[in-house]
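> Sequence isn't available, so here's the structure alone:
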């Protein structure tokens with residue numbers, strides 16, 4: 001149990017404030033309850049966007065290069081607990097309620113933000129620290145990805161470039177099952193097809209523009225020649241209700 005947890009063994013006491021008020025005490029205890037349910041924490045791999053989870057949800061992954069703490073106004077702040085909360089909430093919402101990743105991610109981020117504020121830390125300072133260590137597409141440090149990392153977030157986020165890069169290293173990486181390889185390749189293939197169709201539509205649209213423009217010009221010229229000056233005043237436009 002982290003040293004900064006909030007009275008993990010103390011009995012729960014009814015709050016004096018209404019239960020719909022945000023309570024730092026209750027947020028700390030809720031976070032502690034989530035942390036106790038985590039079966040395994042792994043900090044030995046490279047994780048895109050700092051943290052993730054295994055396909056079965058039993059392992060929470062945090063990027064090996066992310067420091068375990070940062071200093072805020074003279075205090076040392078442990079960051080693992082906030083990331084664990086985010087990943088546990090997100091995974092549960094996806095697996096148990098069938099939410100899309102982007103929807104689950106929004107709710108998990110709000111929970112993470114509330115936990116950060118409960119420790120009297122500004123979200124701006126916390127996020128600024130995190131952004132320094134985010135590994136994105138093309139990052140040379142992204143070379144040791146766990147074999148059972150859940151790929152749904154990258155698929156639902158349409159992170160095609162990242163999936164493509166991971167696909168390139170599949171055959172070089174021991175431990176990937178045939179099912180995992182097939183899943184990752186199917187995601188990458190789907191994105192390739194999506195991009196191909198999108199580009200085809202763009203090319204067809206660009207090719208149709210000169211033809212449409214020529215037709216409009218020809219029609220306008222013909223109309224100008226055949227039209228005569230009108231002496232009638234146009235009727236006033238109707239007012240919108």
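Cool, the structure landed. Remember, predicted model here, so these are calculated numbers, not experimental data.

> The protein: strands as residue ranges?
According to DSSP state E, the chain carries its strands in the segments 40-42, 51-53, 59-62, 69-72, 75-78.

> what about the first one, average pLDDT?
The average pLDDT within strand 40-42 is 95.

> Give me the buried positions along that strand.
Along strand 40-42, these residues count as buried under the neighbour rule (16 or more other C-beta atoms under 10 Å): residue 42. No exception for glycine: its C-beta is placed from N, CA and C like everyone else's.

> Neighbouring strands of it in the sheet, and parallel or not?
Sheet pairing here is set by DSSP bridges, and for strand 40-42 it gives strand 59-62 (parallel).

> what pLDDT, on average, does the strand it pairs with get?
Along strand 59-62, the predicted confidence averages to a pLDDT of 96.

> Identify the residues contacting that strand?
38-43, 45, 47, 50-54, 80, 83-84, 87-88, 146, 148-149 (C-beta atoms under 8 Å, 6 or more residues apart in numbering).

> among those, which are in helices?
Assigned to helices by DSSP state H, the following of the contacts of strand 59-62 qualify: 80, 83, 84, 87, 88.

> for those residues, which one is nearest residue 116?
Taking C-beta to C-beta as the measure, residue 116 sits nearest to residue 83 out of these, at 10.7 Å.

> Please name the nearest non-neighbouring residue to that closest one.
Once its chain neighbours are removed from consideration, residue 83 has its nearest residue in residue 51; the separation is 4.4 Å (C-beta to C-beta, 6 or more residues apart in numbering).

> if we can go back for a sec, most neighbours, which of the ones in helices among the contacts of strand 59-62?
Ranked by the number of neighbours (other C-beta atoms under 10 Å), the ones in helices among the contacts of strand 59-62 place residue 87 first, at 26 neighbours.

> For the closest residue in space to residue 112 that isn't next to it in sequence, the count of nearby residues, please.
Leaving aside its sequence neighbours, residue 112 sits nearest to residue 86 (C-beta to C-beta, 6+ apart; 4.2 Å). Burial of residue 86 is recorded as 24 neighbouring residues (other C-beta under 10 Å).

> pretty sure residue 86 contacts residue 109?
Yes - the pair residue 86 and residue 109 passes the contact test of C-beta atoms under 8 Å, sitting 6.7 Å apart.

> would you list the ones in helices among the contacts of strand 59-62 in JSON lines and tack on pLDDT and distance to residue 131?
JSON lines is the format used below for the ones in helices among the contacts of strand 59-62 (pLDDT from 0 to 100; distance: C-beta to C-beta, whole Å):
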{"residue": "80", "pLDDT": "95", "distance to residue 131": "17"}
{"residue": "83", "pLDDT": "96", "distance to residue 131": "14"}
{"residue": "84", "pLDDT": "95", "distance to residue 131": "19"}
{"residue": "87", "pLDDT": "96", "distance to residue 131": "18"}
{"residue": "88", "pLDDT": "95", "distance to residue 131": "22"}
